[in-house]
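For reference, the sequence and a predicted model appear below.
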Amino acid sequence: MDIVIKTDVHSVSRLAANIIARVVREKPNCVLGLATGSTPIGTYRELIRMHKEEGLDFSQVSTFNLDEYLGVGLALDKPYKEDQSYARFMVEELFHQLNIKQENIHLPDGLTKDPDEFCKAYEQAIRDAGGIDLQLLGIGGDGHLAFNEPGTPFDSRTHVQLLTDQTRKDNYKAFFHPAGMTWEEMPTKALTMGIGTIMEAKEWLVIATGSSKAEIVRQSLEGEVSTRVTASVIQIYPRKATVILDKKAAANLQGDSSSNH
Ligand code: PGA
């Protein structure tokens, strides 16, 4: 695991986008695993800039998103208030500004009538695409990786996940409340790739920013490897993992394994 500490959020976003762009240039038909939440927004803006100004080409790229709330789905015809799906987030924050093909975009279907069957099909679709070349990941306030909440086994596959109160509160504050939605409209469950699914990606890019993440970043990167903090699995991921933090998120780290840039 390489830990890179940058001075601010913008530098984190620029470096993360550069790593994604490197993979896209080296393998134009690469498979990217993508994440949602507040953290990757800057990275996505930088990728859009690289596409528009530098011609970074997504025409052959495929994507798989990590997770989606259960019970919601893309509703672009509805006002923002009525659609907080991750599908909508991805379209607005990234896809509609890139030359990516609709048929190459994969998101868990929050409106599926048969979640268990859907989860199996999602796993198969990832395998059929040849696996994920680069997986972008954030770290949740309760240490979750994707929506794998505390206690989720490291060999878990794509599944239905009950969200913790902390996750619901964090995401309500960041997204649902600003959109004018009530606490009751905040979903209680999600579909998420399992830890075992994510472990199979060929490379990881983990980003975390802000002082609110400092303690969970320390526990994830330097604490006990345990399902209590599922992001601690980063420590035993066997392939290349780059963790990019801003100074605030790195503030509690003790070790000397990190490099400052
Ligand atoms: P955040 O979420 O980027 O909104 O902090 C991270 C996560 O839940 O993985």
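In hand now; what should we look at? Numbering: from 1, shown residues only.

any low-confidence regions in the chain?
Along the chain, the model assigns pLDDT under 70 to residues 76, 79-81, 256-261.

Identify, by residue count, the longest helix of it.
In the chain, assigned by DSSP state H, the helix with the most residues is helix 9-26.

what's in contact with it?
For helix 9-26, the surrounding residues in contact (CB atoms under 8 Å, 6 or more residues apart in numbering) are 4, 6, 30, 32, 40, 42-43, 45-47, 50, 56-58, 61, 133-134, 136, 203, 205, 207, 209-210, 242, 244-246, 261. Bear in mind the C-beta positions are built from the backbone N, C-alpha and C, glycine included.

Buried subset of those, written for PyMOL?
In PyMOL syntax, the buried subset of the contacts of helix 9-26 is picked out as below (16 or more other CB atoms under 10 Å):
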select buried, resi 4+6+30+32+40+42+43+45+46+47+50+56+58+61+133+134+136+203+205+207+209+242+244+245+246
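
Filter the contacts of helix 9-26 down to just the ones in helices.
Using DSSP H, the members of those that fall in helices are Gly42, Thr43, Arg45, Glu46, Leu47, Met50.

and the fifth one, what is it in contact with?
Spelled out, that is Leu47. Contact analysis of Leu47 by CB under 8 Å, 6+ apart lists Ala17, Ile20, Ala21, Leu56, Leu94, Leu98.

give the contact list for the residue nearest to the fourth one when sequence neighbours are not counted.
Put plainly, it is Leu56. Distances taken as CB to CB, 6 or more residues apart in numbering put Met50 closest to Leu56, at 4.1 Å, once the chain neighbours are dropped. Listed by CB under 8 Å, 6+ apart, the contact set of Met50 reads Ala17, Ala21, Leu56.

now with 10 Å?
By CB atoms under 10 Å, 6 or more residues apart in numbering, the residues touching Met50 are Arg14, Ala17, Asn18, Ile20, Ala21, Val24, Leu56, Phe58, Leu98.

Same question for Leu136.
Per CB under 10 Å, 6+ apart, neighbours of Leu136: 16, 19-20, 32-36, 39-40, 43-44, 63, 65-66, 201, 204-207.

Filter those residues down to just the buried residues.
Neighbour counting by 16+ other CB under 10 Å classes 16, 19-20, 32-36, 39-40, 43-44, 63, 65-66, 201, 204-207 among the contacts of Leu136 as buried.

Intersect the residues you listed with the contacts of the ligand.
When contact is defined as CB under 6 Å from any ligand atom, the buried ones among the contacts of Leu136 meet the ligand at Thr39.
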